[in-house]
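Asks: What follows is a predicted structure for the sequence shown.
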Amino acid sequence: MVTGACGNELGCDARTTPRSRNHAPSGTADPERGKGYMRCSLFMNVNMVHNTKRLTRRDILRATGVAGIAATAGCVDLGGGGESGPYEIGMVDSQTGSLSAFGERNQRGRDLALSAVNDVGIGGRELSISVQDSQSQQSTGVSAAQQLVNQEGVPFLIGAVGSGVSIAIYQSVIEGTDVVQLSQNSTSPGLTDYPGLLRMSPTGRTQSSALADIISEDGNESVALTYVNNDYGSGITQAFRDAYDGEILYDSSHDQGQSSYSSVVSQMANTDADAWLFITYQPEFTTMTQEAYSSGVEGQATWYGADSVQGSDVLDNTPEGSLEGMKVVLPSAPVDQENYQSFASEFESEYDREPTVWAAYAYDCVVTAALSIQAADEFTGAALGDVVRDVTRPEGEQVTSFEAASEILADGGSASDVDYQGVSGPIDFDENGDPVAYLQILTVQDHEYESTGFITGE
Amino acid sequence: MADETRSAFEESEDTRQAQIERATNAVLVAAALALVGGTLVGLVSPSYLVFLVSLAAMYGLLSLGLNVQWGYAGLINFSVAAFFGLGAYVPVLLSASGSPITDAVPPIVGLFAAVVVTVLLALAIGIPTLSLREDYLAIASLGLAEVVRLVFRNQENWTGGTSGVGGIPLFFEGVPVLGTLPRDIGTVDLGIYTLGFQFWNGLLNALIVGSFVLVSYLVLRRVHRSPWGRVLRTIRSDEDLAEALGKNAYAFRMQAFVLGSVVTMLAGVYYAYSNYFLTPGIFDPIYTFYAWIAVILGGSGSNRGALFGGVVIVAIIEGTRAFGLSASWRLFAVGLLIILVMRFRPQGVLPPRDELIWPGARGGGTDE
Amino acid sequence: MIGSLSAAGVLASAVAQLGGGYLPQLLNYLANGVVFSAIIVLGGIGLSLVYSIANFANFAHGDTMTVGAYAGLVTLGAVGTAGPQLFSLPLGFYAALLAGIAVAAIVAVATHYLIYEPLDVDSIGLLITSIGVAFVYRALVQLRFGTGTYEYDIATLRPIPWIEDLTGITLTEHEVAIVLVSTTLVVALHVVLQYTTLGRTMRATADNESLAKVSGIRTDRVITSMWVIGAGLAGAAGVFLGLYNQLSPRMGFNLLLVVFAAVILGGIGSVYGAMLGGFVIGMVNRLTPVLTDVGIPIEPAYANAIAFVIMVLVLLVRPTGIAGEEVT
């Protein structure tokens, strides 16, 4: 066997060396090992057993035996079956992955809602939610939905956070079935194209129009914008481009989770735009603010932001004065209403922090599901689908808590006798499954967010 | 050159291997029976069962493709995910209503277009990298796959970028009977189950991916036993010898690379037409690493091993989900699995049998 | 040679095209490049050391950086930010740096003895095993800290005024600290390699392990030291990366390929090559926006892609890299 001239890898040509070189660091040939064994490594254990006939049967076995372990593990769950057990619905949430921050907020809202619902009960039975992680990815989200819908047989699915995930779940698992899907956080305008896909957070289109209006009204004739490169960012940006009639001097995406955005910031600073628009998440925006501050350019233009750039994390991690005067438009809960205020105080006493609108959406999803279950004739997707819109529509008596709505239904009322006003807004699903938009404008003053206006969408 | 006496080590290896194979068979049979039984008594939903089978077949395709490249030709190819994504994106960009390019091409034609593009990309990646040493090939192929991913992510005007591409039609759209079959069958009520559109569609998709697997498996098996396959194995074990015999090692490796990439691409096609919405996340390197674990666990060079590895991967992914374990535990389990396999059984569970390199090699003769 | 000429050409045409006012912008990109390269260099040295002495491509190197960064996070949280400051970094940060180095080193040595050493596979087998190790590191970090992002509890700074006034370059004290400390570490390594017995034995082992063993060098000690130094530098790189921006579980892995590109450019097996390669790749990465500024439609999002293409070109044209076969 040829050993080769170069005993070790150092300084050897990176081109192929005969396989014989690339083994143990000493690189010497082993005459014993050379026989009958692939020189390469222990991977290919040359096995002398002759047995071609069994091959075919094994393949058939394999084809049928597939994933047995997984399925048998996952399947011993009869779902929300029986007559007296809890009603079980499903939820696909971003517990990990790029959108895990939303998953956390959703979890708080969901848990609070669950306890509110189960304090009263639904016709004597409890509500239970089976939650699966989408990992903020489409394929995992679809798998999760497959398990919840097809295996556990839930008739109502709350999901998902990412707009791409919601659409994928709808098209590959839900469409054509009777299962009701209600997305808790997806904002991409794309979901409007699927009337069967309901959502609790309004379409980003309203936000984009509002931003375009505010920027123009403030006298800014030119804008430099940057958006996070995902369906959320591109959706809002596309709508903004359509709505804004001034000049867009800089329009560039950036990736989530990068170490530095200094090039974006410096390129924005290079344009002489009157306004800078940021459509991204808190960590990325924090980095950009820090870098703008470090380069001394943060005062160059007026700053505007879409909903996800605001949050306590941003204020905590950016220097005083760096965001002064910045305006953010975000979907908002009706903060002046009593039901929101009681929700907020419950939330604060439970979690020691103020609720975000995302938690409010998750809360409303759970309550809407519970109301639908109570109002429906039976616990099936078809029956739930019939009533889910009606329990939130303007016909009927306005109620602001599950308890009150539940009373009306228990007294013999039907879905159209109830108009649930959620803690996130009036809801009122339209024919595309979108809720009414309710937006708030926040301005940063003295390094704090001050509410400076409300906008109601169409 | 007839059978000479074999060493005791080889004998015991054979027995152990046979034992492992029997054990593996037993486990698979038991699992299959449990699954089927579970479906019959109402524990396992048929839709979910069909979904799992399809998923396993998809990962099986990824592993089969990689097995051609690594198992037959010894190429440390880390660009599997690029071809997976390509197989998904090319037909979709030609046939989906949400595509920025066109939606006029029927999906089946799109499949052939994907083959062409795959071959081109395989050449583009292969030409610079296949002559490199193993570990450099790994790094370079990973790097080029990343470039592909970045292109698909950032070129919104061509690929829809991160907004994704929606409106993907059924795979058989436009085809007379198959195109509407899932809807035409309607709902079948079996008492414990009602089988509706989602089930029939899922079943059709399972048949599609199953036929991809079958065709690939048969082709690869045929190829493995052909003169071409023999040359490849010779190249893998001793390139100098192959070159001395007048074989152009580089060309053979390139062919293996292209063939493997086409098989991988088929997995992507299935993915697109069963998920109906596509985002660049499909190019994530994790798919490359899943394929690698499957091949290593299954046994490099062995097609049945590759399929077995695919099954195990799905078992881990969906099994940990069923037990309610978080994604981090899944990552931990996968990492630990790699380490354990490499430590205790680097040749995999079902390494290739009957690996005839050259006649004199059997039985420890003294040819050199 | 060709590379540097074309790079210089692009830069010159940038200034010519966009006018003298572009110069400060360009200098800023260059300054960013220096800071970023410092991190890449620290990571690259470790990778190159492992390659030359343990003879495999360590795919867990990126996640070793992550481990170091999070160890620093915990230490900084424990020690606090009170006390005297150097470059506006509290003493606690330097403690965090040491902790990051130490923890990364310990983890790497443990991994070597528990996992790599008992294995009886070739370098490809080790490469694949290191992928498993990378997953395990990352999973453990995620299990303990979750998948979100963290920041060191250190305030952000304004740029240093006199530098800005003089040259237009915006540089903060933190960035200066990163560059200076990295340089110190690299110089220290150079001293060790050239002037100490350990360094000599390391170079000998890297050159020819069997010969080294035969000459009586305790190669197992050398290998341990190699892991300590290589992983320690990676840990430092992770801490700096966390300071430069944020901590997240994928922070190391995301950078790994770029570090590989740097090491390959510099020449596998050569520590000095890794330094040079790291510098070049880091600069190119941060200079990518120049392309769009001069009208070449390659967006900054492709910065890493450019590094990978360079890497492949190097492998095709001059596989031994810039520093060639020289080990030291």
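Replies: Yep, it's here.
Asks: how close does B:Trp70 sit to B:Gly299?
Replies: 11 Å (Cβ to Cβ, to the nearest Å). For glycine as for every other residue, the C-beta is placed from the backbone atoms N, C-alpha and C.
Asks: and these two? which has more neighbours close in?
Replies: B:Gly299 (30 against 26; other Cβ atoms under 10 Å in any protein chain shown).
Asks: my read: A:Trp358 touches A:Gln107, true?
Replies: No. The criterion here is Cβ atoms under 8 Å, and A:Trp358 misses it with A:Gln107 at 10.4 Å.
Asks: quick one: low-confidence ranges for the stretch 251-400 of chain A?
Replies: A:259 (pLDDT under 70).
Asks: and the residue of it nearest chain B?
Replies: Closest contact between the stretch 251-400 of chain A and chain B, by Cβ to the nearest Cβ, is at A:Ser253 (7.3 Å).
Asks: May I have the residues that are in contact with the residue lying closest to that residue once chain neighbours are set aside?
Replies: Distances taken as Cβ to Cβ, 6 or more residues apart in numbering or on different chains put A:Asn229 closest to A:Ser253, at 4.0 Å, once the chain neighbours are dropped. By Cβ atoms under 8 Å, 6 or more residues apart in numbering or on different chains, the contact set of A:Asn229 is A:253-256, B:153-154, B:161-162, C:301.
Asks: Now go through these and say which are in helices.
Replies: B:153-154 (DSSP state H).
Asks: which one of the contacts of A:Asn229 sits closest to A:Leu112?
Replies: Taking Cβ to Cβ as the measure, A:Gln256 is the one of those closest to A:Leu112, at 28.3 Å.
Asks: residues from the stretch 51-200 of chain C in reach of chain B?
Replies: Taking Cβ under 8 Å from any Cβ of the partner chain as the contact definition, the stretch 51-200 of chain C meets chain B at C:56-57, C:115, C:118-121, C:123-125, C:127-129, C:131-136, C:138-140, C:142-143, C:147.
Asks: ok, and of the residues you listed, which contact chain A?
Replies: C:120-121, C:123-125, C:142, C:147.
Asks: Now stretch B:61-70: average pLDDT?
Replies: Mean pLDDT, computed over stretch B:61-70, is 93.
Asks: got the CA coordinates for it in CSV?
Replies: These are the backbone C-alpha positions of stretch B:61-70, laid out as CSV (Å, rounded to 0.1, in the frame of the first residue of the first chain):
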residue,chain,number,x,y,z
LEU,B,61,-34.1,10.6,1.1
LEU,B,62,-31.7,13.1,2.6
SER,B,63,-29.7,10.3,4.1
LEU,B,64,-29.8,8.2,0.9
GLY,B,65,-28.4,11.2,-1.0
LEU,B,66,-25.7,11.8,1.5
ASN,B,67,-24.9,8.1,1.6
VAL,B,68,-24.0,8.2,-2.1
GLN,B,69,-21.6,11.0,-1.5
TRP,B,70,-20.1,9.9,1.8
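Asks: Do any residues in it lie close to chain C?
Replies: No. Stretch B:61-70 does not reach chain C (Cβ under 8 Å from any Cβ); its nearest approach is 9.4 Å.
Asks: Figure out how far that stretch is from the centre of its chain.
Replies: Chain-centre distance of stretch B:61-70: 5 Å, with Cα atoms, centre = their mean, to the nearest Å.
Asks: which residues are in contact with it?
Replies: B:75-77, B:80, B:83-84, B:209, B:212-213, B:216-217, B:220, B:256-257, B:259-267, B:270, B:287, B:290-292, B:294-295, B:298, B:300-303, B:305-307, B:309-310.
Asks: Now, these that are in helices?
Replies: Checking those against DSSP H, those in helices are B:80, B:83-84, B:209, B:212-213, B:216-217, B:220, B:256-257, B:259-267, B:270, B:287, B:290-292, B:294-295, B:298, B:303, B:305-307, B:309-310.
Asks: and chain C, which of the residues you listed reach it?
Replies: Near chain C, judged by Cβ under 8 Å from any Cβ, the entries from the ones in helices among the contacts of stretch B:61-70 are B:Trp292.
Asks: Of the contacts of A:Asn229, just say which sits nearest to A:Val120.
Replies: Once Cβ to Cβ is applied, the member of these that ends up nearest A:Val120 is A:Gln256, at 40.3 Å.
Asks: Who are the contact partners of the closest one?
Replies: A:Gln256 neighbours (Cβ under 8 Å, 6+ apart): A:98, A:228-230, A:280-281, A:284.
Asks: could I get those as JSON lines with distance to B:Ala32 and secondary structure?
Replies: Listed next are the contacts of A:Gln256 as JSON lines, based on distance: Cβ to Cβ, whole Å; DSSP: H, G, I helix; E, B strand; the rest coil:
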{"residue": "A:Ser98", "distance to B:Ala32": "37", "secondary structure": "coil"}
{"residue": "A:Val228", "distance to B:Ala32": "45", "secondary structure": "strand"}
{"residue": "A:Asn229", "distance to B:Ala32": "44", "secondary structure": "coil"}
{"residue": "A:Asn230", "distance to B:Ala32": "40", "secondary structure": "coil"}
{"residue": "A:Thr280", "distance to B:Ala32": "49", "secondary structure": "coil"}
{"residue": "A:Tyr281", "distance to B:Ala32": "45", "secondary structure": "coil"}
{"residue": "A:Glu284", "distance to B:Ala32": "48", "secondary structure": "helix"}
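Asks: Of those, just say which sits nearest to C:Thr64.
Replies: Of these, the one sitting nearest to C:Thr64 (Cβ to Cβ) turns out to be A:Ser98, at 23.1 Å.
Asks: what's the closest one sitting at in phi/psi?
Replies: phi -60, psi -20 (degrees, to the nearest 10).
Asks: thinking again about what came up before, tell me, how many neighbours does the residue of the stretch 251-400 of chain A closest to chain B end up with?
Replies: Counted with other Cβ under 10 Å, A:Ser253 comes out at 24.
Asks: Identify the residues contacting it.
Replies: Counting by Cβ under 8 Å, 6+ apart, A:Ser253 touches A:226-229, A:233-234, A:237, B:154, B:161-162, C:301.
Asks: Please report the distance of the closest residue to B:Tyr271 other than its chain neighbours from chain C.
Replies: Using Cβ to Cβ, 6+ apart and skipping the chain neighbours, the partner closest in space to B:Tyr271 is B:Ala88 (5.0 Å). As for B:Ala88, its distance to chain C is 20 Å (criterion: Cβ to the nearest Cβ, to the nearest Å).
Asks: B:Ala88 falls within a helix, correct?
Replies: Yes. Under the criterion used here (DSSP: H, G, I helix; E, B strand; the rest coil), B:Ala88 sits inside a helix.
Asks: Contact partners for it?
Replies: B:268-269, B:271-272, B:278, B:282 are the contacts of B:Ala88 under Cβ under 8 Å, 6+ apart.
Asks: okay, now C:Phe279: neighbour count?
Replies: For C:Phe279, the neighbour count with other Cβ under 10 Å is 21.
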